[in-house]
Structures are given as structure tokens and as C-alpha cells.
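1. Give me a model of this one.
(chains A and B)
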Amino acid sequence: MAMLEIKDLKVYYGVIQAIKGISFEVNEGEVIALIGANGAGKTTTLQTITGMLQAKEGSIIFEGQDITKVPGHKIVSMGMAHVPEGRRVFAELSVLENLKLGAYTRKDKDEIADSLQRVYRSFPRLEERKKQAAGTLSGGEQQMLAMGRALMSKPRIILMDEPSMGLSPIFVEEIFNIIKEISASGTTVLLVEQNAKKALSIADRAYVLETGNIVLSGDAKELMNNESIKKAYLGE
Amino acid sequence: MSFIAYLINGISLGSVYAIIALGYTMVYGIAKMLNFAHGDVIMIGCYVVFTMTSGLQFNPLLSVLISVVVCTVLGIVVEKVAYKPLRKASPLAVLITAIGVSYLLQNIALLVFGADTKSFSSIITLPALKLAGGKLSISSVAIVTVVTCVIIMAGLMLFIKKTKAGRAMLAVSEDKDAAQLMGVNVNGTISLTFAIGSGLAAIAGVLLCSAYPTLTPYIGSMPGIKAFTAAVFGGIGSIPGAFIGGILLGIIEVLGRAYISSQLSDAIVFAVLIIVLLVKPTGILGKPIHEKV
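-> Residues are numbered from 1 along each chain as shown, chains lettered A, B, ... in the order given. Below is the predicted model:
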């Protein structure tokens, strides 16, 4: 059984249908890439999964439980974290305060301290800047903070929305290495990216979204060699 | 000596404004709305205490406690019924609703308690403090008011810094969606904010009526507007800002009334606000609005 299963999902903004009945699944341990152009519905899909938006039809099954109607603030404690588009760190709070908010739903202080050490090990830069206001970090550092903050909830699956957006090539490389590490440590990853080449290079499988529909899916390596994908998304 | 007496009066009045301003500033910081019915919650708080002490002969402290509970519940109910359905509506719709709630509360008070002025007997009956050989007398109401204000302010800042609910408030005030992703119940946090603000309004009401003992259904509106001014003055959204704004406003009002003109004292208060906003549009402690990268 899939860890996360999306069945015939339909999402509307007012009268405009953004997601037109998509279905896909994520198995435990996989890295799944959701690629597509601007406005294809990638972000909408992630936001609907974590309850920031409501689906009109369809269902979202996480570890056998229907979470379609679960209020957004209850999702994270079920084991699903979301690194939102544009990072959305709490700019006026310090790096440490941001990370602690990531563990907001957890109770065990020792375990939280343990998670904090893990995050610091993955992102040494965050430890160096733990007292600094998050808004003063560079874009790449804010992305690291957003990822670290999500990891503080000790998720079994992590949803990442455009983690490489607006970053310099060096940071893009670093962020993708970290995603690989997160996956290697046993966390399932659902990745939304415009940088299709990078996303496909680390993904197991991928789905291609076009104006609210899934038009193509399959093994990431195969998709990389698909002629229409090459043309449309890889710039070859 | 009279200058010092005026100054103390000003600080005392300013402390009341500061406590009311907290309600405005916290709700604005977290729900991004101006709750213009906040002043009328003060009035309801006063009537509750009046009914308890004068009508039912309750112990004053118990009456204040009951009043705080009533106002807290009132704040939560108003938020649930009037503002929550408008969470995604335009700010203008919310503002007009708040004005509507304000009139509703005034008219309910009119219906229940009548239009005639009630004289509120101060619940603080300690003797005045005499200093400088009796030349300077500080009323017990003034002392209690200032002390209460300082305690509330310190308590609130500790609450926000040290508790989980406080941190949730900070997170919601910065980014509701991101806070929800952390597992923060945004609606619950907004409710809590209204509860705290309204409970404090009850305390402010009792202090205000102890200093100015006339009670009508409209007594909440002017202090409400002044406290709102204080909140803007200090930088809306900022808790220390509400404190500084409130105290300064109280001092300006009392000194203006004493030395310039008693009729123009309100005008002076608002003129100072306009000048401050011209020089520093975000208020004294307001944060500059910066673009997100």
C-alpha cells in the first residue's frame, strides 16, 4: 500500500478549476518529483495535501487514513511536514525560535533537543546563526532554515515546494545534496520543482503536471530521456 | 508641586489607555484587524462590576473577577460570531462589522441598563498617599492603576516569550499559513488573543470608572478611540509600543488640559498623533514595513 495516495483530486479557486482530477501515489522511502510549468498546479497540489487549501472532490489517503478533511494544523503531528514555496520563515524570530516552532506539536524535550542537534549537523550554518533574525539570512540560508524547521517535526514524509527557486547555482547544488541526505535517512520526499533536470536527477519516479492534469508519469531516469520532456522541460 | 501632580495623573490615565491599547494592538498584530468594538467591551465590564457591587453587594474583588470572565467570554463570542466568518473577506467588511458590533453592544447596554447616568462608586477605597508634607497627594486609584498596568505589561511579555501559546501568537502574527504548517491552531490562537484583550478591557474599565465615576452606555467609545490612538502612536502590533503610547497620550492629555485648554485637550492629543505619524508613519516602536524577498 502506498504511503500517500491521491485519488481523483479536484481543487478550485472560486470558479476556476486549478486541479482537474489528478491521482498519484508516493511509496515509503521514495523521492517523487512533481514537475511542470508555472501555473500547472504543483503548489496547489501540495497545499491541498497539507490542508492549506480544501479539495472539492477526491481524497488524500496518508498511511491508510483519509486526511482530505483533516484541519491543516493537525497534519504535521501525523508525520507530514511541508516546506512551503518562498520558504516562509518567521523573519522577525531568531533561527533557533524558528526551529523550535518546527517542533511545536512535539512534547518530549529530550527528543526535540536531539532533533535540533541533527538539524545543526545537517546545516552547520544554522547553528552558527542561531541567534540571528531569520529575515537577515540569505535566500539559501532561509531555504535551509525552512527545511530544518520542517525536519524538527520528525516527519515520515516531507513535501518540498520549489526549494531551489531563486538560489545561486552553488546553493542549488547544496540544497539538492541535502534532499538526497534527507531521503537517505529514511524520510520519504515529495518534491515540486521547476528545475526539472535537477529534480529528475535525484527522484525515483516523477509525475508531469500540465494545467491541472497529470500528462505523463514514470521512472525518473526514463522521463529524462523522453523526447517531449527533453523539449518542454529540460531545454534540450 | 502641581506639575508633578498633573504628571502622576497623566501617567495614571495613560496606564488605563495602555491596558486598553493592548487589546487593540494584540488583535491587530494577530488577526490584522481593528476591533472597534473593543471600547464597548470596557463599558460592559463596568456595568457588570456596577451591578455586582451596587446591586448585589458583592465583594469588589470578586466583582472584578466576574467582570473579567464576562468580558473574556464576550470577546470570544464576538470573534466567533462576527469576525471569524469574515476571515477571508476584505478588511473594509471586517472594519464595518466591528463598528456594527460596537453599536450593538451600546444598544444592548441601553436596553438592559437604561440611558440614565449611573454613578460608579470606586472599588478602590484606600486612603491617598501624602508626600512632601501633605503638599503632594497621590490618590490610591492612581497608584493601583499604574501598578496594575505595569504588572499586566510584564506578565503579558513573559507569557509571549515563555509559553507555547505565546510563541504560537508570534508565529500567527507573522505568517498564518506558515504557523498552521507548524501545527499551530490559528483560529484557536486568534480566539485566545480576543480573550486576553477583552479580559484586560474589563480591568481597564474598572480602573477608568474608579477614576471617572460616571457610567453610561457610551463611556467606552472615547477611551476606546484614545487607546486606539495610543496603540498607533506607539506602533500598532507592538506590546511595549502600546505601553509607551498609552502613557505618553495620558500625560499629553492631562498636561494639555492643565496648561493649554481643558476644552482643547482632546484636539491636542490627536494633533500630536498626526505629527508623530507624519514624522514616523509606523509609530514610535513600529517596525518598518519591509518587502519580502
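2. rest of the way, CA atoms for contacts and neighbours
-> Fine.
3. Find the closest residue to chain B in chain A.
-> Checking chain A residue by residue against chain B with Cα to the nearest Cα singles out A:H73 as nearest, at 4.2 Å.
4. Skip the chain neighbours and tell me the closest residue to that residue.
-> Nearest in space to A:H73, with sequence neighbours left out and distances taken as Cα to Cα, 6 or more residues apart in numbering or on different chains, is B:G183 at 4.2 Å.
5. Just the local confidence number for the one you found, please.
-> If you check B:G183, the pLDDT there is 96.
6. try the one 4 residues further on
-> At B:N187, the model reports a pLDDT of 94.
7. what's the helix or strand for it?
-> Mapping B:N187 onto the secondary structure by DSSP states H and E places it in helix B:186-211.
8. now swap in A:K131 and tell me
-> Taking DSSP H and E as the definition, A:K131 sits outside all helices and strands.
9. Can you name the residues that contact the closest residue to it other than its chain neighbours?
-> Excluding the flanking residues, the one nearest A:K131 by Cα to Cα, 6+ apart is A:S94, at 5.3 Å. Under the criterion of Cα atoms under 8 Å, 6 or more residues apart in numbering or on different chains, the contact list for A:S94 reads A:130-134.
10. Same question for B:Y103.
-> Contacts for B:Y103 were tallied using Cα under 8 Å, 6+ apart; they are B:A37.
11. Next one, pLDDT for B:I289 please.
-> pLDDT recorded at B:I289 is 56.
12. Check A:E181 too.
-> At A:E181, the pLDDT value in this model is 94.
13. name the helices or strands packed onto the one helix or strand it maps to?
-> If you go by DSSP H and E, A:E181 is part of helix A:169-184. Contacts of helix A:169-184 with other secondary structure elements, assessed using 3 or more Cα pairs under 8 Å, 6 or more residues apart in numbering or on different chains; DSSP states H and E, are made with helix A:196-202.
14. Which residues does the helix it packs on contact?
-> Applying Cα under 8 Å, 6+ apart, the set of residues contacting helix A:196-202 from outside is A:31, A:33, A:35-36, A:176, A:180, A:191, A:193, A:206, A:220-221, A:223-224, A:233-234.
15. Can you flag which of those residues belong to strands?
-> Assignment to strands by DSSP state E places the following of the contacts of helix A:196-202 there: A:31, A:33, A:35-36, A:191, A:193, A:206.
16. Among those residues, which pair sits farthest apart?
-> By the measure Cα to Cα, A:V31 and A:G36 form the most distant pair in these, at 16.4 Å.
17. between the two, which one's more packed in?
-> Between A:V31 and A:G36, counted using other Cα atoms under 10 Å in any protein chain shown, A:V31 has the larger neighbour count: 28 against 25.
18. Wait, that one touches A:Y207, no?
-> No: with contact defined as Cα atoms under 8 Å, A:V31 does not count as touching A:Y207 (11.4 Å).
19. check contacts around the residue nearest to A:H73.
-> Counting by Cα under 8 Å, 6+ apart, B:G183 touches A:72-77, A:104-105.
20. Surely it is within a helix?
-> No: assessed by DSSP: H, G, I helix; E, B strand; the rest coil, B:G183 does not belong to a helix; its assignment is coil.
21. what's across from the most centrally placed residue in chain A in the sheet?
-> The central residue of chain A, meaning the one whose C-alpha is nearest the mean C-alpha position (Cα atoms, centre = their mean), is A:M160 at 1.5 Å. With DSSP bridges as the criterion, the beta-bridge partners of A:M160 are A:V83, A:L191.
22. State the number of residues packed around A:E25.
-> Every residue meeting other Cα under 10 Å relative to A:E25 is counted, giving 18.
23. distance of it from A:E63?
-> Relative to A:E63, A:E25 is positioned 11 Å away (Cα to Cα, to the nearest Å).
24. same check, this time on B:V172
-> Taking Cα to Cα as the criterion, B:V172 is separated from A:E63 by 29 Å.
25. quick one: which of those two has more around it?
-> Taking B:V172 and A:E63 together and counting by other Cα under 10 Å, B:V172 has the greater number of neighbours (24 against 16).
26. Surely that one touches B:N185?
-> No: here B:V172 lies out of contact with B:N185, judged by Cα under 8 Å, at a distance of 9.0 Å.
27. Quick one: classify B:G45 as helix, strand or coil.
-> helix.
28. can I assume it is in contact with B:I66?
-> No: at 9.0 Å, B:G45 and B:I66 do not qualify as touching, with contact defined as Cα under 8 Å.
29. quick one, which of those two is more surrounded?
-> Each of B:G45 and B:I66 has its neighbours counted (other Cα under 10 Å); B:G45 has more, 30 against 17.
30. how near is that one to A:V83?
-> Using Cα to Cα, B:G45 is found at 44 Å from A:V83.
31. With A:K10 instead?
-> Here A:K10 is placed at a distance of 22 Å from A:V83 (Cα to Cα).
32. With neighbour numbers in mind, choose between the two.
-> More neighbours surround A:V83 than the other of A:K10 and A:V83, with 26 against 22 (other Cα under 10 Å).
33. which ones are touching the more buried one?
-> Neighbouring residues of A:V83 by Cα under 8 Å, 6+ apart: A:146-147, A:150, A:158-161, A:163.
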